[in-house]
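Asks: sequence unavailable; structure follows:
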Ligand SMILES: [Zn+2]
């Protein structure tokens, strides 16, 4: 297994639709293994193939112990239905350290193929719904910034984000988010250090 380099905001692979997968071959199995290791390495709860530069419709999601059957390996995932609404903090490994409120359905039913070639249905609520929909958006070339309703947040945060990405690419900043460590130093931001916020990265 290998840790794969992430593609960041501004990379063209993140803004174009990914191609459907036709065969479950050794190349895909290897990609799945490497993506899983990479997702844990970067402290994400989800990862889509375009985020590691592979424009294929494949995602991985693992939202932690309270969700069964994890991690999910989903080939050609499709949204069957959604229900309700939730607003909460969302982040993306491709947009390091940008965390902002995003409105999503509270529940989502996803149909996909697993690595064994079997069609499966995954019903996600809360964080799992958010992560599944976030990853499927990646396959359609959509970033969560497109769903942020507060224009002011984006105007303020995007230049900071671009600067941070440049520093990561030049090696000035580590690729693994120091989000949790940073928060420990800031007593007035204790609430932000809660796992629900920190693990929303996908
Ligand atoms: Zn993402």
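Replies: All right, it came through fine. Bear in mind that the values here come from a model prediction, so they are computed numbers and not experimental data. Numbering: from 1, shown residues only.

Asks: state the mean pLDDT of the one helix or strand residue 34 maps to.
Replies: Using DSSP states H and E, residue 34 sits in helix 26-41. Taken as a whole, helix 26-41 carries a mean pLDDT of 97.

Asks: check stretch 116-128 too.
Replies: On average, stretch 116-128 scores 95.

Asks: show me the contact partners of that stretch.
Replies: With contacts defined as C-beta atoms under 8 Å, 6 or more residues apart in numbering, stretch 116-128 is touched by 24, 45, 61, 63, 67, 69, 72, 74, 80, 86, 106-114, 130-132, 196, 199-200. In short, each C-beta sits where N, CA and C put it, glycine included.

Asks: now with 6 Å?
Replies: 24, 63, 67, 72, 107-111, 113-114, 132 (C-beta atoms under 6 Å, 6 or more residues apart in numbering).

Asks: quick one: neighbours of the closest residue to residue 71 other than its chain neighbours, just the number.
Replies: Computed as C-beta to C-beta, 6 or more residues apart in numbering, the closest residue to residue 71 that is not its neighbour in sequence is residue 62, at 3.7 Å. Neighbour count of residue 62, defined by other C-beta atoms under 10 Å: 21.

Asks: show the pLDDT at residue 62.
Replies: 94.

Asks: how close does it get to the ion?
Replies: 14 Å (C-beta to the ion, to the nearest Å).

Asks: these two touch, right, that residue and residue 68?
Replies: No - contact between residue 62 and residue 68 fails when scored by C-beta atoms under 6 Å: they sit 11.3 Å apart.

Asks: what residue ranges in this structure are flagged as low confidence?
Replies: Scanning the chain with the threshold set as pLDDT under 70 gives 178-200.

Asks: re the thing from before, report all helices and strands that the helix holding residue 34 contacts.
Replies: strand 58-61 (3 or more C-beta pairs under 6 Å, 6 or more residues apart in numbering; DSSP states H and E).

Asks: please redo it, this time with the cut-off set to 8 Å
Replies: strand 46-48, strand 58-61, strand 72-83 (3 or more C-beta pairs under 8 Å, 6 or more residues apart in numbering; DSSP states H and E).

Asks: quick check: bridge partners of the nearest residue to residue 132 once chain neighbours are set aside?
Replies: Closest residue in space to residue 132, ignoring its immediate chain neighbours: residue 124 at 4.8 Å, by C-beta to C-beta, 6+ apart. Here residue 124 shows beta-bridge partners residue 108, assigned using DSSP bridges.

Asks: what about residue 124, distance to the ion?
Replies: On the measure of C-beta to the ion, residue 124 and the ion end up 16 Å apart.

Asks: one step back: I figured the residue nearest to residue 71 was touching residue 45, is that so?
Replies: Yes - the pair residue 62 / residue 45 is scored as a contact, 6.0 Å apart, by C-beta atoms under 8 Å.

Asks: between the two, which contacts overlap?
Replies: By C-beta under 8 Å, 6+ apart, the residues touching both residue 62 and residue 45 are residue 39.

Asks: how near is residue 79 to the ion?
Replies: If you go by C-beta to the ion, the gap between residue 79 and the ion works out to 16 Å.
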